[in-house]
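Novice: Quick one: sequence plus predicted model below, questions after.
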Amino acid sequence: MSRFFDLVSKPAREMGTTNFPFVVRQPVEHRAVIKLDSNENPFGPSPLALDAMRSALASSSLYPDDDCTQLRLKLAEHHGLPPEQVLVTAGSTGMLSLLCQTLLAPGLNAVTSERSFIVYPMAVHAAGARLREVPMRDDCFDLRAILASIDANTRIVFVANPNNPTGTMVEAEQVEQFLARVPQHVVVVLDEAYYEFALYFASLRRMNYSRSLDYLRQGASAVVLRTFSKAHGLAGLRVGYGLGPAELLGYCARMRNTYSVPSLAQAAAMAALDDAGHIRRVVENNAVQARFLGRELELLGYRVTQTSANFLCCDVNEDAEVLANELREQGVAVRPLGHWGAPNCIRATVGTPEQNQIFLEAMRGPRNSQPRPRLVGSD
Ligand SMILES: Cc1ncc(COP(=O)(O)O)c(C=O)c1O
């Protein structure tokens, strides 16, 4: 038994030291590898954000504005909501943690889907609560089943829309029906980290993606998560935000770590919001390339789930861990989904046209010599 087992809190004990002693791993070699494993933006930050960061560099000796006042005001205007309904955090995962610390405790639970965002269990368990993961229906959140598994001790439901790692989306009508039935003691977290990509896909497919801000205006017991990590290309800066009821955000704000959003991140986010052209290029490339990659992968005999995000989920019909290691040898990093209970699936970020060609070459590579069963492709 270790020296600290009896000292750490019960939630910490239950989460365990998965990595003890705390091993220092070699950093991923960013230059050599085409990084398609973390749903990052292959085009990087907007040039306006880079300029804003350069201008802000000289003030790095000062602590940042803890309330992110200017960014908050700008986001409030951008979304047509009062500033009290905006809370800027260290990435949207920062907001997730705050919500869990504020709403959960031992004896309480949160509900989400199986095969969803890996941070939900971490944030829930760190608060000492339980997470119920409801089976999916056709690779999608099954909102009816989620509704059925809510009980008197449920405080949060997480809906990742689109979902990571499947890339699937639930349409606005389904969300509306769901919200109308969720009991009052539950806060629904509408996690829209891939909002810009999903909105663009939905417009191409003539679908209704999200009316989440309308629900907030109507007083719904919901928090919408957005981030600058994806379409805006600022993942390394850690800036995201929650939109929700002012009182609840006020409680969450009390739980923040002081100065958790750096001044460079605040400056970059403000500028990134102004660069609609950059976002447009990013989402257009993503839609065209997702289609191209999906088709090519299907031609190789793989099954690809239709995505509404900036990555593809692909059933490779073999041990995905082995395949991912082989691809890494060839300089391409993708995510095998064994941890999500899908040991034959990988998740690959949609890259630039050049990166995608290299990824496809690696997929064709030496493995092409083995005959591969043809599967009926999904759309
Ligand atoms: C569903 C979902 N939500 C939130 C995030 C969080 O991103 P960040 O903390 O960088 O804002 C991600 C990132 O991969 C995600 O997939």
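Specialist: Nice, I can see it. Given the structure is predicted, the values throughout are model-derived calculations rather than measurements.
Novice: can you give me the helices in the protein?
Specialist: Taking DSSP state H as the test, the helices found in the chain are 10-15, 47-56, 69-79, 91-103, 119-126, 143-148, 172-181, 195-205, 212-217, 246-254, 263-274, 276-299, 320-329, 353-364.
Novice: Those: which one's closest to the ligand?
Specialist: The ligand lies closest to helix 91-103 among these, at 2.7 Å (Cβ to the nearest ligand atom). To be clear about C-beta, it is placed using only N, CA and C from the backbone, and glycine gets the same treatment.
Novice: what is the mean pLDDT for the closest one?
Specialist: Per-residue confidence for helix 91-103 averages out to 98 on the pLDDT scale.
Novice: can you check stretch 332-341 too?
Specialist: Looking at stretch 332-341 alone, the average pLDDT works out to 96.
Novice: Next, see if it gets close to the ligand.
Specialist: No: remark: stretch 332-341 sits outside contact range of the ligand, by Cβ under 6 Å from any ligand atom, the gap being at least 10.3 Å.
Novice: try stretch 73-80
Specialist: No: using Cβ under 6 Å from any ligand atom, we find that stretch 73-80 stays clear of the ligand, coming within 13.9 Å at best.
Novice: Only the buried residues of that stretch, if you could.
Specialist: Neighbour-count burial for stretch 73-80 flags 74-76, 79 (criterion: 16 or more other Cβ atoms under 10 Å).
Novice: that older thread, output the helices of the chain in JSON lines; the columns should cover distance to Ile156.
Specialist: Output for those, formatted as JSON lines (distance: least, Cβ to Cβ, whole Å):
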{"stretch": "helix 10-15", "distance to Ile156": "16"}
{"stretch": "helix 47-56", "distance to Ile156": "32"}
{"stretch": "helix 69-79", "distance to Ile156": "22"}
{"stretch": "helix 91-103", "distance to Ile156": "6"}
{"stretch": "helix 119-126", "distance to Ile156": "8"}
{"stretch": "helix 143-148", "distance to Ile156": "11"}
{"stretch": "helix 172-181", "distance to Ile156": "14"}
{"stretch": "helix 195-205", "distance to Ile156": "20"}
{"stretch": "helix 212-217", "distance to Ile156": "16"}
{"stretch": "helix 246-254", "distance to Ile156": "11"}
{"stretch": "helix 263-274", "distance to Ile156": "26"}
{"stretch": "helix 276-299", "distance to Ile156": "29"}
{"stretch": "helix 320-329", "distance to Ile156": "30"}
{"stretch": "helix 353-364", "distance to Ile156": "36"}
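Novice: These: which one's closest to Ser229?
Specialist: helix 91-103 (6.1 Å; Cβ to Cβ).
Novice: That closest one - contacts with which helices or strands?
Specialist: Judged by 3 or more Cβ pairs under 8 Å, 6 or more residues apart in numbering; DSSP states H and E, the packing partners of helix 91-103 are strand 86-89, helix 119-126, strand 154-160, strand 187-191, strand 222-227, strand 240-243, helix 246-254.
Novice: These: which one's closest to Val282?
Specialist: Of all the helices and strands packed on helix 91-103, strand 222-227 sits nearest to Val282, with 13.6 Å by Cβ to Cβ.
Novice: And that closest one, what does it pack against?
Specialist: In this structure, strand 222-227 makes packing contacts with helix 91-103, strand 187-191, helix 212-217, strand 240-243, judged by 3+ Cβ pairs under 8 Å, 6+ apart.
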